[in-house]
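Chemist: pasting the structure only:
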């Protein structure tokens, strides 16, 4: 039925109120399971250090009765390790008018942007902590960079078309190609690889309790025979103790909480050609810490015009107490 020509419709109307929901839909992931599971400490300088030591190899040999020591065993010094703090920052500038006008979805533009910046900052730290990079000393033109977790682990590793770091002198510095993982054509993640890495950790004295993987490799691990049933009790621990855990993998050398991390899918550098590599990280949360020189903060900067300036900042570095406490399965596929 045709509309009469004189009918006044919304198409001609001026002044109808808009319908804008008082809701801002943002489902960007904010969980940071690596940061949430490891420890923390305070750093006192941009370069922070710690020490490791190890016991001598066991010997079955005895000594004769009445042995008179003519020579003494040389004493081995501790190993000194270090890493650099890097600065992660987010900033924003909101005009006085934008702060004053009535808005949908938030009362204060400054408050909304501050909360958003804080979440983005934490995501950036999570990604950097998992990044395949050595430490960057930095200067007036180059930002300092902290060595990510993968750059530290070189002992308990299962490699597939990949080469583990060969750094020395206590710190994986980004100045040479041997300070980070060199990745090639990846293979599928096999249960035998995980078992081998766990055995190496055990033989080194390590006791990792967490297997962190990408979302894709979480689905791969779910098919392993070592995944425990839903009724398995993790040493009497409360389920809430393990942040982000989805399954328990039961191995001959200990149990692992399998924790997926969304940031793994963009962490790994392209290997041979454009092939994307991935890895499984065997982590002892007690043996890795987030060292903070300046904690997460949002600061109001000096006002020089009709706008509010804010800066969200954190200065931090990664301390891997002893890399032999952890393990790595490297050179595995990131996609099917």
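Modeler: Perfect, I can see it now. Being a predicted model, the structure only gives us computed values, none of them experimental. Numbering: from 1, shown residues only.

Chemist: All the strands of the stretch 51-200 of the chain, residue numbers only.
Modeler: For the stretch 51-200 of the chain, the strands defined by DSSP state E, counting those that start in this stretch occupy 79-84, 86-95, 157-159, 162-163, 182-183.

Chemist: Please identify which of those is closest to residue 302.
Modeler: strand 86-95 (12.3 Å; Cβ to Cβ). The C-beta positions use only the backbone N, C-alpha and C, and glycine is treated the same way.

Chemist: and the closest one, which residues are buried?
Modeler: Buried residues in strand 86-95, counting neighbours by 16 or more other Cβ atoms under 10 Å, are found at 86, 88, 90, 92, 94.

Chemist: I'd assumed residue 110 was in contact with the last one.
Modeler: Spelled out, that is residue 94. Yes. At 5.2 Å, residue 94 counts as touching residue 110 under the criterion of Cβ atoms under 8 Å.

Chemist: intersection of neighbour lists for these two?
Modeler: Listed as contacting both residue 94 and residue 110 by Cβ atoms under 8 Å, 6 or more residues apart in numbering are 308, 310.

Chemist: just to revisit the earlier point, export the strands of the stretch 51-200 of the chain to JSON lines and append columns for mean pLDDT.
Modeler: JSON lines is the format used below for those (pLDDT from 0 to 100):
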{"stretch": "strand 79-84", "mean pLDDT": "90"}
{"stretch": "strand 86-95", "mean pLDDT": "94"}
{"stretch": "strand 157-159", "mean pLDDT": "89"}
{"stretch": "strand 162-163", "mean pLDDT": "72"}
{"stretch": "strand 182-183", "mean pLDDT": "72"}
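
Chemist: Using JSON lines, lay out the ones you listed together with distance to residue 124.
Modeler: Compiled in JSON lines, these are given as follows (distance: least, Cβ to Cβ, whole Å):
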{"stretch": "strand 79-84", "distance to residue 124": "16"}
{"stretch": "strand 86-95", "distance to residue 124": "5"}
{"stretch": "strand 157-159", "distance to residue 124": "27"}
{"stretch": "strand 162-163", "distance to residue 124": "26"}
{"stretch": "strand 182-183", "distance to residue 124": "22"}
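
Chemist: picking up where we left off before, which one of the buried residues of strand 86-95 is nearest residue 162?
Modeler: Nearest to residue 162 among these, with distances taken as Cβ to Cβ, is residue 86, at 25.0 Å.

Chemist: and which of the buried residues of strand 86-95 is nearest to residue 41?
Modeler: Lowest distance from residue 41 to those (Cβ to Cβ) belongs to residue 86, with 15.8 Å.

Chemist: Which strand residues bridge that closest one?
Modeler: residue 316 (DSSP bridges).

Chemist: Tell me where the stretch 101-250 of the chain has helices.
Modeler: 109-129, 149-152, 191-204, 215-221 (DSSP state H, counting those that start in this stretch).

Chemist: sorry, back to before: out of the strands of the stretch 51-200 of the chain, which is closest to residue 321?
Modeler: strand 79-84 (8.4 Å).

Chemist: now the closest one, how far from the chain's geometric center?
Modeler: 19 Å (Cα atoms, centre = their mean, to the nearest Å).

Chemist: List the buried residues for stretch 111-123?
Modeler: Here stretch 111-123 shows 112, 113, 114, 116, 117, 118, 119, 121, 122, 123 as buried, counting by 16+ other Cβ under 10 Å.

Chemist: what sits against the second one?
Modeler: Neighbour list for residue 113: 92, 94, 310 [criterion: Cβ under 8 Å, 6+ apart].

Chemist: run the last query once more with 10 Å
Modeler: 90, 91, 92, 93, 94, 98, 106, 298, 308, 310, 312 (Cβ atoms under 10 Å, 6 or more residues apart in numbering).

Chemist: Tabulate the residues you listed (JSON lines), appending distance to residue 278.
Modeler: JSON lines is the format used below for the contacts of residue 113 (distance: Cβ to Cβ, whole Å):
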{"residue": "90", "distance to residue 278": "28"}
{"residue": "91", "distance to residue 278": "33"}
{"residue": "92", "distance to residue 278": "34"}
{"residue": "93", "distance to residue 278": "38"}
{"residue": "94", "distance to residue 278": "39"}
{"residue": "98", "distance to residue 278": "42"}
{"residue": "106", "distance to residue 278": "38"}
{"residue": "298", "distance to residue 278": "34"}
{"residue": "308", "distance to residue 278": "42"}
{"residue": "310", "distance to residue 278": "36"}
{"residue": "312", "distance to residue 278": "30"}
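
Chemist: what's the closest of those to residue 67?
Modeler: residue 312 (65.5 Å).

Chemist: ok, back up a step: which one of the buried residues of stretch 111-123 is nearest residue 286?
Modeler: Using Cβ to Cβ, residue 122 comes nearest to residue 286 of the buried residues of stretch 111-123, at 21.7 Å.
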